[in-house]
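> Here you go, sequence then predicted model.
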Amino acid sequence: MKVHFIAIGGSAMHNLAIALHKKGYRVSGSDDEIFEPSRGRLAKYGLLPGETSWNPSNITDDLDAVILGMHAKGDNPELAEAKKKGLKIYSYPEFLYEQSREKTRIVVGGSHGKTTITSIILHVFNYHAVDTDFMVGAQLEGFEVMVKLSENTQYMVLEGDEYLSSALDRRPKFHLYKPHIALLSGIAWDHINVFPTFDNYLEQFRIFIDLIEENGTLIYCNNDKTLADICIGSTRNDLRMIPYSLPDHTIENGKTYIHHNGRSWPVTIFGKHNLLNLAGAMHVCKSAGITEEMFLEAVQSFKGASNRLELLAESSDTVVYKDFAHAPSKLKATTQAVKEQYPGRKLIACMELHTYSSLNKDFLVQYKNAMENADQAIVFYNPHALKIKRLPDINPEDIREAFGGTNLMVINDVEVLKNTIMENKQPDSSFLFMSSGNFGNIDLKAIAATLINNKS
């Protein structure tokens, strides 16, 4: 097949392009901007476009498919040409479904924890030599790319995002996958620009449950009452329902241990939210024939997905983590996790308002007490992000009032942010940076190295 990617530089899109190239497809693509690591990965496989622009001449009559990324707008000139020629146009989740029609589809959905749970499943499968196709939203140790497609595997493991599929396909991505085994990690309102009310957001999860294949399996977090009510209240009497909850565990000297069947298993990941993620992943793996003991043996070596409570640097008395957390529930869970893991240390937690939801004044109230476990909380936002997203200016006082607490600082200048972080450098500290953005392009690794340096 010959396929063309409109917006090939996207995180998921460039990985799908590489996967199809490795499968033997003829792949071309275009974009108006391509950043690292997409640029380097595409170049490695000879897939980097010669120019960063849209060009209708890229859309030729011999294309078997055009794959449209979310970054491309509805008035994209290449999209217009593809429509004119009557070519088959897919969103990337739609194309992934087509690639997995004959496989057992495992889909991990939920407002939080999707990437981590999917990553744990893939790590355990890889450890026990269970070959599988997959799509995951972060780079994993031991995996070259984030998408793999082949002909002969039994399983396809998919991270099921609830955001829209493309400019043409306004369905949430996870509605397209039709799982045989589904996992839902929890529900906390997000994407206010797409789902303007909580009820509207909830409805997407009800639809997802209705789309599970007949006689399928639904694994869900029983600690989340909203989610549990939806699952228990489902009219799908044919589904095998499996609830999961927090596993038995202890924290000793900054190390977390899972206790199971009289044995203790040390794990690298920590925090109640991550232990719930682990419990959910274990049930998925059991559905694929991996015993609980085999799972716990494998998960000991799981170091986490990129940007998910990722350790940047540590010394004898200081740790520095970064996390993709940006929604209220994620902030609360992550700050609590770090505080519980290092209870005797001062926690300096810094988050960036970067998404459409977080930069919306009406949504800010959802962040009430989200960082209450931090000894020093810092909220950063970049005025440039507001301009790019065409959002109105935001008042720092509105942010301060929404978050609450007397230990909160609001900063909208990158240099002030860097200086404030350094002013908080002291022994016996934990630093936590949370964002889906990049804090105005500051070098977090360099800052982390400075924070753990005991020299003044």
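Looks like it arrived, so ask away. Residues are numbered from 1 along each chain as shown.
> make it CA atoms for all contacts and neighbour counts henceforth
OK.
> Pull the number of nearby residues for the residue nearest to residue 201 when sequence neighbours are not counted.
Nearest residue to residue 201, sequence neighbours excluded (Cα to Cα, 6 or more residues apart in numbering): residue 195, at 5.4 Å. If you count neighbours by other Cα atoms under 10 Å, residue 195 ends up with 17.
> Is residue 195 in a helix, a strand, or coil?
Three-state call for residue 195 (DSSP: H, G, I helix; E, B strand; the rest coil): coil.
> From residue 138, how far out is it?
24 Å (Cα to Cα, to the nearest Å).
> Report how many residues lie close to residue 326.
Neighbour number of residue 326 under other Cα under 10 Å is 23.
> Who are the contact partners of the closest residue to it other than its chain neighbours?
Sequence neighbours aside, residue 435 is the residue nearest to residue 326 in space, at 5.3 Å (criterion: Cα to Cα, 6+ apart). By Cα atoms under 8 Å, 6 or more residues apart in numbering, the contact list for residue 435 reads 323-326, 351-354.
> do residue 26 as well
Contacts of residue 26 (Cα under 8 Å, 6+ apart): 1-3, 20.
> rerun that using 10 Å as the cut-off
1-4, 17, 20, 47, 63-64 (Cα atoms under 10 Å, 6 or more residues apart in numbering).
> try residue 410
Neighbour list for residue 410: 350-352, 377-381, 395-400, 417 [criterion: Cα under 10 Å, 6+ apart].
> for residue 416, same thing?
Counting by Cα under 10 Å, 6+ apart, the residues that residue 416 touches are residue 380.
> Now stretch 316-325: buried residues?
Buried positions in stretch 316-325, judged by neighbour count with 16 or more other Cα atoms under 10 Å: 318-325.
> Take these and write them to TSV, including distance to residue 366 and pLDDT.
Below are the buried residues of stretch 316-325 laid out as TSV (distance: Cα to Cα, whole Å; pLDDT from 0 to 100):
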residue	distance to residue 366	pLDDT
318	31	95
319	28	95
320	26	96
321	24	95
322	22	94
323	19	92
324	18	88
325	14	84
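> elements contacting the helix or strand hosting residue 398?
Assessed by DSSP states H and E, residue 398 sits inside helix 396-403. Here helix 396-403 touches strand 376-381, strand 408-411, going by 3 or more Cα pairs under 10 Å, 6 or more residues apart in numbering; DSSP states H and E.
> Any chance you could list what contacts that helix?
328, 353, 358-359, 361-372, 377-381, 404, 406-412.
> Buried among those residues? Make that a ChimeraX selection.
Listed next is the ChimeraX selection for buried residues among the contacts of helix 396-403, using 16+ other Cα under 10 Å:
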select :328,353,358,359,361,363,364,365,366,367,368,370,371,372,377,378,379,380,381,404,408,409,410,411,412
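> rewinding a little: quick one: mean pLDDT over the helix holding residue 398.
The pLDDT scores in helix 396-403 average 94.
> now do stretch 141-155
Regarding stretch 141-155, the rounded mean pLDDT is 88.
> got the buried residues for that stretch?
Neighbour-count burial for stretch 141-155 flags 145-150, 154-155 (criterion: 16+ other Cα under 10 Å).
> same deal with stretch 297-313?
297-300, 302-313.
> Walk me through the domains of the chain.
The chain resolves into domains spanning 2-87, 95-299, 310-451 when parsed by automatic domain parsing.
> separation between the closest residue to residue 241 other than its chain neighbours and residue 209?
In space, and not counting its chain neighbours, residue 241 is closest to residue 218: 5.0 Å by Cα to Cα, 6+ apart. Here the criterion is Cα to Cα. By it, residue 218 lies 8 Å from residue 209.
> joint contacts of the two?
179, 182-184, 231, 239.
> From these, pick the one nearest residue 162.
The closest of the shared contacts of residue 218 and residue 209 to residue 162 turns out to be residue 184 (Cα to Cα; 11.3 Å).
> Pull up the distance across stretch 208-216, start to finish.
12 Å.
> so for it, what's the average pLDDT?
98.
> Check stretch 302-309 too.
Stretch 302-309 comes out with an average pLDDT of 83.
> which residues are in contact with it?
By Cα under 10 Å, 6+ apart, stretch 302-309 touches 113, 115-120, 123-124, 127, 136-141, 267-271, 274, 310-311, 320-325, 334, 337-338, 432-436.
> CA atoms only for it, dumped as PDB, please.
Written as PDB, here are the backbone C-alpha positions of stretch 302-309 (Å, rounded to 0.1, in the frame of the first residue of the first chain):
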ATOM      1  CA  PHE A 302       9.600  -1.500  35.100                       C
ATOM      2  CA  LYS A 303      11.100   2.000  35.400                       C
ATOM      3  CA  GLY A 304       8.100   4.000  34.100                       C
ATOM      4  CA  ALA A 305       7.100   5.600  30.900                       C
ATOM      5  CA  SER A 306       8.900   8.800  29.600                       C
ATOM      6  CA  ASN A 307       7.700  11.900  31.400                       C
ATOM      7  CA  ARG A 308       5.500   9.900  33.800                       C
ATOM      8  CA  LEU A 309       6.900  10.500  37.300                       C
END
